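> have a look at this fold, sequence not included:
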């Protein structure tokens, strides 16, 4: 019987992608808009891909309407370039991730999904390369909403459609590496597990009051314990 819905962020939580991600986005922006905005210096941590595109272009003076007019084109261009140019060598799984996903997949009392600011197609490619995509049958992505806080309810609804179970707040655990992931859990009154493997330090994450905070996901048994024991 399903007891837990476990929702994972991707970047900084499950894996890290090298500089190719920023370079591909810069190339896509240049191809579509004729400028890469301030993408070289923008902080991507925890942000939705759609929001990043708007922010880096607004920074150099493009209007919302000008960005919106070509948004679908730049999204398609970015995804196409990312798939063609990103290789397994560009992706590094973070400590403890393979063991944790394997352990969770062996259990019948949970279902794991994604809650990420990535577009689904590029996010899935990041998971396909290190062979962990099969652990996640559903998720909520940047394609689904304009604001990250809208994603948790979408993920929960998709879990219900997949399993027939209505997960209550106490059944849901959101695992991520930024304050945005902690906030997503608070939106649902769900539990948050923060991990300091991204650009946020342990101390910075602590300020946002996650329910559980780890340096990394290396201690599989302990992480499992925190997922299943409120």
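Structure received. Keep in mind that this is a model prediction, so the values were computed, not measured.
> all contacts plus neighbour counts: C-alpha atoms, from now on.
Noted.
> domains of the protein: list them as residue ranges, please.
Following automatic domain parsing, the chain resolves into domains at 4-17+90-228, 20-88.
> what's the average pLDDT for the shortest one?
Computed over domain 20-88, the mean pLDDT rounds to 94.
> same check on stretch 192-210?
Stretch 192-210 shows a mean pLDDT of 97.
> hey, where'd the strands end up in this structure?
4-8, 15-17, 91-93, 110-115, 139-140, 172-176, 191-195, 212-214 (DSSP state E).
> the fourth one pairs with which strands, and in what direction?
With DSSP bridges as the test, strand 110-115 is paired with strand 4-8 (parallel), strand 139-140 (parallel).
> okay, angle between the first one and strand 172-176 too, please.
In terms of direction (axes from the mean of the first three to the mean of the last three CA atoms, to 10 degrees), strand 4-8 departs from strand 172-176 by 20 degrees.
> could you tell me the angle between strand 4-8 and strand 191-195?
Counting by the same axes, to 10 degrees, strand 4-8 points 40 degrees away from the direction of strand 191-195.
> sorry, back to before: nearest to residue 75, of the strands of the chain?
Closest approach to residue 75 among the strands of the chain (CA to CA): strand 139-140, 16.9 Å.
> residue 42 versus residue 57, what's the distance?
According to CA to CA, to the nearest Å, residue 57 and residue 42 sit 11 Å apart.
> more neighbours, those two?
More crowded of residue 57 and residue 42, by other CA atoms under 10 Å: residue 57, with 21 against 13.
> give me the nearest residue to that one, chain neighbours excluded.
Nearest-residue entry for residue 57: residue 37, 4.8 Å, with adjacent residues in sequence omitted and distances by CA to CA, 6 or more residues apart in numbering.
> show the contacting residues for the one residue sitting closest to the centre of the chain.
In the chain, the centroid-proximal residue (CA atoms, centre = their mean) is residue 116; its distance is 2.6 Å. By CA atoms under 8 Å, 6 or more residues apart in numbering, the contact list for residue 116 reads 8, 9, 10, 48, 139, 140, 141, 142.
> closest to residue 18 among those?
residue 10 (13.6 Å).
> what count of nearby residues applies to that closest one?
23.
> again with residue 61
Neighbours of residue 61 (other CA under 10 Å): 11.
> same deal with residue 41?
Counted with other CA under 10 Å, residues neighbouring residue 41 total 9.
> mind checking how far it is from residue 219?
Remark: distance between residue 41 and residue 219 (CA to CA) = 34 Å.
> next: residue 25.
Residue 25 is 34 Å from residue 219, by CA to CA.
> how about residue 211?
17 Å.
> excluding sequence neighbours, find me the nearest residue to residue 28.
residue 78 (5.1 Å).
> now do the same contact list for that neighbour.
24, 25, 27, 28, 29.
> my read: residue 28 touches residue 77, true?
Yes: contact criterion CA atoms under 8 Å: residue 28 and residue 77 qualify, at 5.7 Å.
> these two: which has the busier surroundings?
Higher neighbour count among residue 28 and residue 77: residue 28, with 24 against 18, using other CA under 10 Å.
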